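>>> Here is a sequence together with a model predicted from it:
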Amino acid sequence: MRPLRPFNFNTSAELFPAAIRKKKRAGFTYRRFGTAAEAVQFAMEQLPTDSLNGAYLQVEEARFDQNGIRSLYESEAFPLPRHRKPEPVAEADADAA
């Protein structure tokens, strides 16, 4: 069995976010990125959670779902600085305050 190649964050990538069904606008649409690192960063830091659910990243012949995108983002090999989006405050937490 051949060992897996390390993931190349410098390869171009395509991001297919899921449509936001609750809103009249479709939200974000297909985007092509010069590097997979930029696509992963965009998905994790800028896509609304509704769009990230069901999104997938295509890098060469490999396809990554939401969990795969998150794994790439959290990988030690991820080459870009991480700027996590703020966590939304749950309504129950807001009521308790």
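Noted; the coordinates are in hand. Numbers count the residues shown, from 1 in each chain.

>>> Can you give me the buried ones in stretch 32-39?
Buried residues in stretch 32-39, counted by 16 or more other Cβ atoms under 10 Å: 33, 35-39. Every C-beta, even on glycine, is put in place using the N, C-alpha and C of the backbone.

>>> Show me which of the residues you listed is closest to residue 15.
Relative to residue 15, the closest of those is residue 39; by Cβ to Cβ it sits at 4.8 Å.

>>> Stretch 30-48 - what's its average pLDDT?
Throughout stretch 30-48, pLDDT has a mean value of 94.

>>> Going forward, the N-terminal residue is numbered 19.
Done: numbering now begins at 19, and the last item shifts to stretch 48-66.

>>> And that stretch, end to end?
When the termini of stretch 48-66 are compared using Cα to Cα, to the nearest Å, they are 14 Å apart.

>>> Show residues contacting it.
Outside of stretch 48-66, the residues that reach it under the criterion Cβ atoms under 8 Å, 6 or more residues apart in numbering are 25-35, 38, 45-46, 70, 73, 75, 77, 87-88, 90-91, 96-98, 100-103.

>>> Among those residues, which are located in helices?
The helices, defined by DSSP state H, take in 70, 87-88, 90-91 from the contacts of stretch 48-66.

>>> Good, wrapping up.
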